[in-house]
Structure formats: C-alpha cells, structure tokens
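Novice: here are the coordinates; sequence isn't available:
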C-alpha cells in the first residue's frame, strides 16, 4: 500500500505538499491536512486520495470565493463566473456557493438593496437603469422589485432634480425649448420614467 513519506510547506501560506513513496503526489490546504490527519507513514489508497483531492478542490474554491468577496459585495452570478474563470470544477463551485449562502456571505437581495441605496445617495440614475444593471448582474426580477421600493418618489425627485440641474448647465446656451427637450431626454437616458420627469420638472 502506498504511504505518505514526506509533507512539506508550500510558499503559499497554509498549503502543503504531500509526497507518496518519495514522489510528489498533490498539494492540500491546512484544513484538509487536519481533517484527514495526514502524516508521514499514513497509508493512501486511490479512493482516499480522490476524497482528499476533492475536499482540497472545494477548500480552494471556497478560499478563492472569500478573497473575491472581501473586496466588495458580489452577486451569485458574478461569483459563479469568477470561479469558472479560475477553472474551479462545477462541484467545487456549487459547494462553495452553498456554504456562502448558508453563512449569508452572498445574498442577491442584500446586494440589490445595497446597490439601490448607493445609487440613491451617490449617483444620478433612475429606476430603469438600475433595473438593467441589476439584471446584468444576475439579480432576479422580484428581488429587484423589492430593492426598488427603497427608491421612493421623494428620493427620485431629489436625485432627478440634481441631474436636471447639471443638464441645464450643460445646455445653458441652447434655447429654452431645446434646453427643456435635452433635459427630458437626458433624464430618460438616466432611467427616469415619464411620471418622474413630470414631478422633477415641477420642482
């Protein structure tokens, strides 16, 4: 029966090289090393080795996902694409996503709510553009609808008015009629509806 003859640390912190019968066999994370109690002299059949390598793939995928999420909030679609780009197996992706969902590290509703709040306070976009952006990121319709309830009529009027004032400055040399048309067109491109435009123009 093949045996582990050596375990050495990799340059990457928390990872180890496993040697079987004096030859390098595979690398593992520290969590997998501990879980399987890998040590010099341990006998390794093919089934055990496959189990260890599968668990290590899952652990690598999970750590990769955590690193990606540490930079900013992500949707499930974004995270899935990221792991696919890093050649994580479908099983490894699903295992990671399930674990992250359970820990509430990914939640598309939270993402959509946060996105809407951010745009309300720092952006100049209306609900239609926000909806399109969230669709592109893989957020489902009902979740988008729920998030957009945070963007109240008063909020849309305030954000839209600020955007309209910027557009008015941009087109200040145009005739009044042309200026009004360009402001309306600009607000519609930013995602404000006809009802929003009526409200904004009245302010």
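Specialist: That came through fine. These numbers come from a predicted model, not from an experiment.
Novice: which element is the residue most central in space within the chain on?
Specialist: By C-alpha atoms, centre = their mean, the chain has its centre lying nearest to residue 74, at 1.6 Å. In this structure, residue 74 sits in neither a helix nor a strand according to DSSP states H and E.
Novice: correct me, but it touches residue 80?
Specialist: No. Here residue 74 does not reach residue 80: they are 9.6 Å apart, not a contact under C-beta atoms under 8 Å. Every C-beta, even on glycine, is put in place using the N, C-alpha and C of the backbone.
Novice: and the top helix by length along the chain, what's buried?
Specialist: Longest helix in the chain by number of residues (criterion: DSSP state H): helix 46-69. By neighbour count on 16 or more other C-beta atoms under 10 Å, the buried set for helix 46-69 is 52-53, 55-62, 64-65, 69.
Novice: centre of the chain to it, how far?
Specialist: Centroid displacement of helix 46-69 relative to its chain, using C-alpha atoms, centre = their mean, to the nearest Å, is 20 Å.
Novice: got it, and stretch 86-99?
Specialist: Relative to its parent chain, stretch 86-99 has a centroid offset of 14 Å by C-alpha atoms, centre = their mean.
Novice: mean confidence for it?
Specialist: For stretch 86-99, the mean per-residue pLDDT is 91.
Novice: please identify the buried residues of it?
Specialist: 88, 92-93, 95-97, 99.
Novice: can you map out the strands along the protein?
Specialist: For the chain, the strands defined by DSSP state E occupy 4-9, 15-20, 23-29.
Novice: who wins for proximity to residue 155 among the ones you listed?
Specialist: With C-beta to C-beta as the criterion, residue 155 lies closest to strand 23-29 of the strands of the chain, at 45.8 Å.
Novice: which strands and helices lie in contact with the closest one?
Specialist: For strand 23-29, the packing partners by 3 or more C-beta pairs under 8 Å, 6 or more residues apart in numbering; DSSP states H and E come out as strand 15-20, helix 46-69.
Novice: would you turn the ones you listed into JSON lines with distance to residue 138 and mean pLDDT?
Specialist: As requested, the helices and strands packed on strand 23-29 are exported to JSON lines (distance: least, C-beta to C-beta, whole Å; pLDDT from 0 to 100):
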{"stretch": "strand 15-20", "distance to residue 138": "31", "mean pLDDT": "94"}
{"stretch": "helix 46-69", "distance to residue 138": "15", "mean pLDDT": "91"}
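Novice: which residues touch residue 194?
Specialist: Residues near residue 194 by C-beta atoms under 8 Å, 6 or more residues apart in numbering: none.
Novice: and for residue 176?
Specialist: Neighbours of residue 176 in contact, by C-beta under 8 Å, 6+ apart: none.
Novice: distance of it relative to residue 164?
Specialist: 14 Å (C-beta to C-beta, to the nearest Å).
Novice: same question for residue 46.
Specialist: Distance from residue 46 to residue 164, counting by C-beta to C-beta: 69 Å.
Novice: just residue 114 next, same as before
Specialist: From residue 114 to residue 164 the distance is 26 Å (C-beta to C-beta).
Novice: who has more neighbours, the two?
Specialist: More crowded of residue 114 and residue 164, by other C-beta atoms under 10 Å: residue 164, with 22 against 15.
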